[in-house]
Every structure is written in structure tokens, then in C-alpha cells.
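Student: give me a 3D structure for the following:
(one chain, ligands or ions: 1)
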Amino acid sequence: MTHPIFHAQSSVRRFGGTVEDYQPIHDWLDATKETFCDFRHRALRHHAQGVFEAERVFGATIRNSDGRLVPTRYIAEQHIKEDCGGIVPSVSDWLSRIRPETWMSRGYSLPVPDRAARDP
Ligand SMILES: [Zn+2]
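Tutor: Numbering: from 1, shown residues only. Next comes the predicted model:
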């Protein structure tokens, strides 16, 4: 899914209520697109730690307009699974895929692959 409104519509189908009940959570998850305007923005909040950060921002539950308590965690997990092939990745899943550059590793002994060997 490419827009938070579609995630909000999916939340309505799953938990009831209205799009407005869920829109702020889905907007927050995708707000990082301001910093990097393709799918890689998801590395900042689309993971297990992001689910718990959503709880800290929105509370453990929301009460939707049907009067039903819905765990914020379930809403965030639904969004992330819809964007990430059915899984909630860890932060490590994202960060371990960063291709190291020399400027990133000053002070660390992490080996930095030779660019020519990496990008033939
Ligand atoms: Zn998203």
C-alpha cells in the first residue's frame, strides 16, 4: 500500500469504526516519507521497535467510533505487514542491510568492503 488512507480503510475492515479513527497512526508511520521519498523511508518506523514507539505516541489502545478498544500495536502491525510482505521486521533486519561506507565507520573496526569489489 502506498498511502496511509488505504491502511486506514484496511483498519476499518478489520477493527470497525471509521477511517478517521486510524488515520493519525497510519500518517505517523508514513511521515518518515518526508525524509526519503521511496520505500526505504520504512526503515525508520516499519519494524518491531516502531510498533512500540507508536504505543508511546498514541497510547496502548484507541477507542474507535464504534466504542471498541483497539490495541495500537495491532493497528501498527497491520500497517507494517501490509507494507513489508506480511512480516514485522526488526530494526536489525533493516540496519544490517546498510552497505557500509568508510565515512560511517570511523572509530569502529567493522570491515568496509571495497567499493569496486561490491559494485563490479
Ligand atoms: Zn507504510
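Student: apart from its chain neighbours, what residue comes closest to the residue nearest the centre of the chain?
Tutor: By C-alpha atoms, centre = their mean, the chain has its centre lying nearest to H46, at 1.6 Å. Excluding its sequence neighbours, the residue lying closest to H46 (C-beta to C-beta, 6 or more residues apart in numbering) is I80, at 4.8 Å. Using the backbone N, CA and C atoms, a C-beta is placed for each residue, glycine as well.
Student: same question, V51
Tutor: Leaving aside its sequence neighbours, V51 is closest to A76 (4.4 Å, by C-beta to C-beta, 6+ apart).
Student: now swap in G17 and tell me
Tutor: The spatial neighbour of G17 that comes closest, neighbours along the chain excluded (C-beta to C-beta, 6+ apart), is N64 at 2.9 Å.
Student: give me the secondary structure label for the residue nearest to the centre of the chain.
Tutor: Classification of H46 by DSSP: H, G, I helix; E, B strand; the rest coil places it in coil.
Student: how about the contacts made by it?
Tutor: 29, 79-80, 83-84, 89 (C-beta atoms under 8 Å, 6 or more residues apart in numbering).
Student: so which of these is the closest to the ion?
Tutor: Checking the contacts of H46 against the ion with C-beta to the ion, the nearest one is D83 at 4.2 Å.
Student: distance check, R13 against the ion.
Tutor: Look at R13 and the ion: by C-beta to the ion, to the nearest Å, they are 17 Å apart.
Student: for that residue, what are phi and psi?
Tutor: R13 adopts backbone torsions of phi -60, psi -30, taken as degrees, to the nearest 10.
Student: that older thread, so what's the residue nearest to G17 up against?
Tutor: 15-18, 21-22, 70.
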